[in-house]
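> Take a look and give me a structure for this.
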Amino acid sequence: MDPIRDPFAPGAGTPPPELAGRDALRETLRVALERARLGRPAKSAMLVGLRGVGKTVLLDRIREDAEASGIHTVRIEAPEQRSLPALLAPQLRQALLRLSLTASAKDASIRALRALAGFAKKLKVKYDDIEVGIDFDPEPGLADNGDLEHDLQALFEQVGTAAKAAGTALAIFVDELQYVPEEQLAALITALHRTEQRRLPVVLIGAGLPQLRGRMGNAKSYAERLFDFPEIGPLPAEAARQALTKPLHDEHTDITEPALARILEVSQGYPYFLQHWGSHTWLAAAASPIDIADVERASTTAVAGLDEGFFRVRFDRCTPKEKKYLRAMAELGAGPHRSGDIANALNEPVSSLAPTRSALILKGMIWSPNHGDTAFTVPMFDQFMKRIVPADDWH
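Got it, this is the predicted structure:
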C-alpha cells in the first residue's frame, strides 16, 4: 500500500482521522461551556485515564469546539519541573489582551492585566520561573499579597469579570495536570470555586492520569463536588471498529472481518494502539482487502515500534530499583496488584518498597486504584516488561 496514503495517525496527541466514541462527552462539555457563558452553574471537568486512551486528543478537540462557538480558550501542558503560576501567567495575558479588543470588556480586561502584573511581581519571589510581559502597572492591593491561593482567586475573579463583560467565557485547558504540586493544585481548585460562587464564566477542563482524582481530593475536600471526573478508557467495540474502518473506506480500502477482529483483539480498543496497528497493517498490506495475514506480519513491527518508542521512553526514566519493582508487577500479570504481593515477589518487606512505589507514582508509571493496590498507568506495560527483562534475569 502507498505509505503516503496511510490514513492512520499514531503519535503523542496526534488527532486520529476518525475520533470515534467520544461524542457524548464532547456534547456534555459543550453544554457546560455554554451554560458558563450565560452565567449559569457549570461544572469544570477532569478527563482521567491511562496513557494511550486519547485524553490529549480529546482535550484539543473540545477546545476546538469551544473556539468555534466563540468561547475564549487557553491551552497549557503541565510538565514536571514548571510551576503552575509560570504556566498560567503568559496564557492569561494573551487571553486578556484578546478580550480587551472587545469594547464592552476593555476596562475590565485592563484591570485584570493590572491584577496579573501584581500577581506575577509578588509571586516571582517564590516561583522564579514566572516570565510574563507586563502591559500595565500593578494596582496596589489587587492579587499582590504574595500568597498563591489568595492571589489566584483575586486574579481569576478579574479574568472572569472581563470574560463576562465580553459576553463570552474563558475555558482553561490543562494537560498532564497530575504533575502540578498539591499546594498549587489546591490554589487552582480554590480559584475555580470562587469564580463558580460568583457565577463568573471561567471553566477548567483538565486531563491527567487516574491518580489525578485522588490528588485533587487530597488538595481540597470539595473538589469532587466542584468537578466532574469522566473516565476516558478503551473504545467500545463498535467505536473501535469505526476508528479503523472509516479511515480505510475513505481511502477506498476494505478489510476482512478476521483481520479487523485481530486488530481489535491485540489493541484492546485503546485509541493509540488502534492507530499504531492500523498504520503498521496498512504498510504491511499489498492491496485491498487487508487480510489477517497482513495483520500478523504487521504485528511484529508494531510490537517492536511500541517497545522502542511508546514503552521504552517511560522505562528509561526509571532507576534500576524501580525497574525491578515494575518487573515484579509484570510477573504477577496486568494488575492491579496488592502491595504485599509485589513485596513477596521481590522477597522484601512492604515498608522497604514504599519509597520506590512513591517515586514511580510521582513519575506517572503506576497508580493506586484502591488503598494498597498498585496498577500500571500504561496499558500492556506488563507484556513489555517481560520482553525487555527476561524471566531468568529480573531476580
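
> Once you drop chain neighbours, what's closest to Leu204?
In space, Leu204 comes closest to Ser44 once its chain neighbours are excluded; the distance is 4.2 Å by Cβ to Cβ, 6 or more residues apart in numbering. Placement of C-beta: from N, CA and C, glycine included.

> Can you list phi and psi of the one you found for me?
Phi and psi for Ser44, reported as degrees, to the nearest 10, are phi -70, psi 170.

> so how far is Gln81 from the residue lying closest to Ala86 once chain neighbours are set aside?
Leaving out its chain neighbours, the residue that sits closest to Ala86 by Cβ to Cβ, 6+ apart is Asp129, at 4.2 Å. Relative to Gln81, Asp129 is positioned 8 Å away (Cβ to Cβ, to the nearest Å).

> between the two, who's got more neighbours?
Asp129 (11 against 6; other Cβ atoms under 10 Å).

> Spit out the contact partners of that one.
By Cβ atoms under 8 Å, 6 or more residues apart in numbering, Asp129 lies in contact with 82-83, 86.

> between the residues you listed, which is nearest Val53?
Closest approach to Val53 among these (Cβ to Cβ): Arg82, at 24.1 Å.

> any idea how far the closest one is from Pro181?
Arg82 is 10 Å from Pro181, by Cβ to Cβ.

> ditto for Leu235
Distance, Leu235 to Pro181, by Cβ to Cβ: 33 Å.

> quick one, which of these two is more surrounded?
It is Leu235, of Leu235 and Pro181, that has more neighbours when counted by other Cβ under 10 Å, with 23 against 14.

> element containing the more buried one, please.
According to DSSP states H and E, Leu235 maps onto no helix or strand at all.

> dump the residue contacts of it.
Counting by Cβ under 8 Å, 6+ apart, Leu235 touches 20-21, 243, 269-271, 274.

> In this structure Gly269 contacts Pro234, no?
Yes. With contact defined as Cβ atoms under 8 Å, Gly269 reaches Pro234; the gap is 3.4 Å.

> Now for those two: what residues contact both?
In contact with both Gly269 and Pro234: Ala240, using Cβ under 8 Å, 6+ apart.

> Excluding chain neighbours, what is closest to Pro252?
Not quite, residue 252 is His, not Pro. Once flanking residues are discounted, His252 sits nearest to Ser288: 7.2 Å by Cβ to Cβ, 6+ apart.

> for the one you found, what are its contacts?
Here Ser288 is in contact with 252-254 (Cβ under 8 Å, 6+ apart).

> all strands for the chain, in order.
Shown for the chain, the strands assigned by DSSP state E span residues 44-48, 72-77, 170-175, 202-208, 227-228, 337-338, 366-367, 373-376.

> what's the fifth one packed up against?
Here strand 227-228 touches strand 44-48, going by 3 or more Cβ pairs under 8 Å, 6 or more residues apart in numbering; DSSP states H and E.

> Show residues contacting the strand it packs on.
25, 28-29, 32, 55, 58-59, 177, 192, 203-210, 212-213, 216, 226-232.

> same deal with stretch 324-342?
315, 318, 345-346, 350, 353, 356-357, 360, 365-366, 369-370, 372-376, 380-386, 389, 391, 394.

> Give me the number of neighbouring residues for Pro236.
Pro236, neighbours per other Cβ under 10 Å, totals 12.

> From what I see, it and Ala243 are in contact.
No. Counting by Cβ under 8 Å, Pro236 stays clear of Ala243, with 10.5 Å between them.

> Now the common contact residues for those two.
Residues touching both Pro236 and Ala243 by Cβ under 8 Å, 6+ apart: Gly21.

> if we can go back for a sec, please list the members of the contacts of strand 44-48 that lie in helices.
25, 28-29, 32, 55, 58-59, 192, 212-213, 216, 226 (DSSP state H).

> From these, pick the one nearest Asp107.
Leu192 (24.3 Å).

> Help me confirm that that closest one comes into contact with Leu226.
Yes. Shown here, Leu192 and Leu226 form a contact pair, counting by Cβ under 8 Å, at 6.4 Å.

> Look at the two and report which has more neighbours.
Leu192 (25 against 17).

> ok, the more buried one - contacts?
Contacts for Leu192 (Cβ under 8 Å, 6+ apart) come out as 44, 156, 202, 204, 226.

> cool, Gln268 as well?
Contact partners of Gln268, counting by Cβ under 8 Å, 6+ apart, are 234, 379-380.
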